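> sharing a model that was predicted from the sequence below.
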Amino acid sequence: MVTVEFAPSLRRHVECAAQTVPPGTLRRVLEAALLAAPELAHYVFDDQRSIRKHVAIFVNQQMVLDRVCLDQTLAADDRVLVIQALTGG
């Protein structure tokens, strides 16, 4: 199973414990994890179902750069972290 965790900065809006979901594409994994907290989906995805600019996704500590396709295949034991990307100066 793939583990998907949502950072505290996102969980402050909608509580969602870490989820374990079947392997598949990154999109499928994220969609499955968000079934536990559907209200959180609009914080993660935009209206085109791309990852929002203020959200960063890491797979096994590697940042995902493609916010649109999300077709990277994940295997059992992979870990996904969804965080709020912060910018500023």
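Ah, there it is.
> the residue nearest to residue 15 when sequence neighbours are not counted and residue 4, how far apart?
In space, and not counting its chain neighbours, residue 15 is closest to residue 37: 7.0 Å by C-beta to C-beta, 6 or more residues apart in numbering. Bear in mind the C-beta positions are built from the backbone N, C-alpha and C, glycine included. Distance check for residue 37 against residue 4: by C-beta to C-beta, to the nearest Å, it reads 11 Å.
> cool, residue 26 as well?
Distance of residue 26 to residue 4, computed by C-beta to C-beta: 10 Å.
> okay, and the common contacts of the two?
residue 80 (C-beta atoms under 8 Å, 6 or more residues apart in numbering).
> more neighbours: the two, which one.
With neighbours defined as other C-beta atoms under 10 Å, residue 26 and residue 4 compare such that residue 4 has more, 25 against 22.
> which residues are in contact with the worst-scoring helix or strand of the chain on mean pLDDT?
One helix or strand of the chain scores below all others by mean pLDDT, DSSP states H and E: helix 8-11, with a mean of 84. With C-beta under 8 Å, 6+ apart as the contact definition, helix 8-11 has outside contacts at 16, 40, 43, 44, 55, 82, 83, 84, 86.
> same thing with stretch 72-85?
1-7, 9-10, 23-26, 29-30, 33, 43-44, 53-61, 64, 66.
> now do 6 Å
1-7, 9-10, 23, 25-26, 29, 54-60 (C-beta atoms under 6 Å, 6 or more residues apart in numbering).
> circling back: if you rank the contacts of helix 8-11 by neighbours, which is first?
residue 82 (24 neighbours).
> what's the neighbour count on residue 29?
25.
> so it sits in a strand?
No. Residue 29 is assigned helix when assessed by DSSP: H, G, I helix; E, B strand; the rest coil, not a strand.
> ok, what's across the strand from the spatially closest residue to residue 71 that is not a sequence neighbour?
Closest residue in space to residue 71, ignoring its immediate chain neighbours: residue 25 at 5.2 Å, by C-beta to C-beta, 6+ apart. Here residue 25 sits in beta bridges with residue 73, going by DSSP bridges.
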